[in-house]
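1. here's a sequence, model it:
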Amino acid sequence: MPGGSFDVDAKHLELEELRAKVARPDLWDDPGRATRLTRRLGHIERLVRRVETMHRELEDADILVELAVDDGDVDTLGEVSDDLVATARRISDLELESLYFGGYDDHPAILSVHAGAGGVDAQDWAEMMVRMYTRYLAGAGFDHEIDDVQPGEEAGIKSATLTVEGTHAYATLEGERGVHRLVRISPFDSNSRRHTSFAGVDVIPLVEDARIEIDPEDLRIDTYRSQGAGGQHVNTTDSAVRLTHLPTGIVVACQAERSQIQNRARALALLRAKLAEQARIERRRELDEIRGEQTEAGWGRQIRSYVLQPYQQVKDLRTGVEIGNVQGVLDGDLGRLTESYLHWRRAGRERRERLEGKGSD
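-> Numbers count the residues shown, from 1 in each chain. Below you'll find the model as predicted:
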């Protein structure tokens, strides 16, 4: 069933489309896009080969079982049984692919962390979260670049923006969108009292949308000196670029590159992605109004608590997953949380499909 299990036909169709795109003579005119297409092509080719291999293994097993039964060959039946157990395990692994059904799941992601309520504690918490994400991304094999960091006045950061690339990058990080709550003994409180801090995370897909046109007259461009954390490219020139899109008020910044021209190009890509996401949200809102539905806003919604005092626990308020090793999570061990969100997301999709099916009866 498409969306509910591994959709082989859809993967074959995508494989044909990707091969056609990769075969275009102008492929490498845009190296970033070319890299993403070839990486995706390799991923789909490996998946299809795995399916074809397992299909052959099952056909061979069926023939061997029939021959072994006819000959009374117990040893061969045992070997086939062991092989089928291994094949079943590989099929189970392949079923994880059914968790990725969204239209943007394989896009690169733009992840932003913003300090919320809690003053300097919140800014420290935002910096802790950036450390948590960068460790997780490095361990999980994702490529990431810190595009911009705005340091706090006393400690921590006000905000940071990262671009993340890799297989299922957006799907993997989508579940981080929302408000994250930290409870701990504040290192900034001389009386060692317990404080609650909040940080907001926004995640959007990096979308290549040719329909998004930006009028230069709609932009305010500010340049400034690179600064703050993550600055292997920090220098003494005004190479950092901040773009303000005047009609929408959207602000993006980039200081990752040494060149002002490169930072401006990356900032424009970030801005296009944010404008594309805004347009998508507006279209979805219009459809929801037509259907008379109320949708829950992603931003401002507490999704996860990290409690260090008076007990130790990380709890995801959507999936119900609880983890006692808080320090492990803060050190980047997010795999259980990200995967549980994907299962929760798929279950929600299946519930909606069932309800829509009943509604059409």
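2. just the helices in the stretch 151-300 of the chain please.
-> Under the criterion DSSP state H, counting those that start in this stretch, the stretch 151-300 of the chain contains helices at 169-174, 260-291.
3. whoops, I mixed them up, the stretch 1-150 of the chain
-> 8-22, 31-71, 74-94, 119-140.
4. and the last one, how far out from the chain middle?
-> The one in question is helix 119-140. Here the centre of helix 119-140 is set off from its chain's centre by 16 Å, with CA atoms, centre = their mean, to the nearest Å.
5. helices or strands up against that helix?
-> strand 109-115, strand 143-151, strand 157-165, strand 178-185, strand 194-205, helix 326-330 (3 or more CB pairs under 8 Å, 6 or more residues apart in numbering; DSSP states H and E). C-beta here means a position set from N, CA and C on the backbone, and glycine is covered the same way.
6. let me see the mean pLDDT of it.
-> Average pLDDT, helix 119-140: 97.
7. buried residues in that helix?
-> 120-130, 132-134, 136-137, 140 (16 or more other CB atoms under 10 Å).
8. also the shortest one?
-> Residues of helix 8-22 classed as buried under the neighbour-count rule (16+ other CB under 10 Å) are 11, 14-15, 18.
9. as JSON lines, those residues with pLDDT and distance to residue 313 would be great.
-> Shown next, in JSON lines, are these (pLDDT from 0 to 100; distance: CB to CB, whole Å):
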{"residue": "11", "pLDDT": "78", "distance to residue 313": "39"}
{"residue": "14", "pLDDT": "82", "distance to residue 313": "41"}
{"residue": "15", "pLDDT": "86", "distance to residue 313": "44"}
{"residue": "18", "pLDDT": "88", "distance to residue 313": "43"}
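10. rewinding a little: switch the helices and strands packed on helix 119-140 over to a markdown table; also include distance to residue 43, mean pLDDT and mean neighbour count.
-> Formatted as a markdown table, the helices and strands packed on helix 119-140 follow (distance: least, CB to CB, whole Å; pLDDT from 0 to 100; neighbours: other CB atoms under 10 Å):
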| stretch | distance to residue 43 | mean pLDDT | mean neighbour count |
| --- | --- | --- | --- |
| strand 109-115 | 16 | 95 | 24 |
| strand 143-151 | 14 | 94 | 20 |
| strand 157-165 | 13 | 95 | 22 |
| strand 178-185 | 28 | 95 | 19 |
| strand 194-205 | 17 | 93 | 21 |
| helix 326-330 | 28 | 98 | 16 |
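11. need those in JSON lines (columns: distance to residue 50).
-> Listed next are the helices and strands packed on helix 119-140 as JSON lines, based on distance: least, CB to CB, whole Å:
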{"stretch": "strand 109-115", "distance to residue 50": "25"}
{"stretch": "strand 143-151", "distance to residue 50": "24"}
{"stretch": "strand 157-165", "distance to residue 50": "23"}
{"stretch": "strand 178-185", "distance to residue 50": "34"}
{"stretch": "strand 194-205", "distance to residue 50": "26"}
{"stretch": "helix 326-330", "distance to residue 50": "31"}
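12. got any ranges where the stretch 151-300 of the chain has weak pLDDT?
-> Across the stretch 151-300 of the chain, residues meeting the criterion (pLDDT under 70) sit at 208-211, 227-237, 284, 286-300.
13. what's the pLDDT at residue 316?
-> Note for residue 316: predicted pLDDT of 97.
14. contacting residues for it?
-> 303-304, 322, 337, 340-341 (CB atoms under 8 Å, 6 or more residues apart in numbering).
15. if we go to 10 Å?
-> 175, 303-305, 322-323, 336-338, 340-341, 344 (CB atoms under 10 Å, 6 or more residues apart in numbering).
16. residues near residue 177, how many?
-> Residues lying near residue 177 (other CB atoms under 10 Å) number 19.
17. for residue 170, same thing?
-> Residue 170, neighbours per other CB under 10 Å, totals 25.
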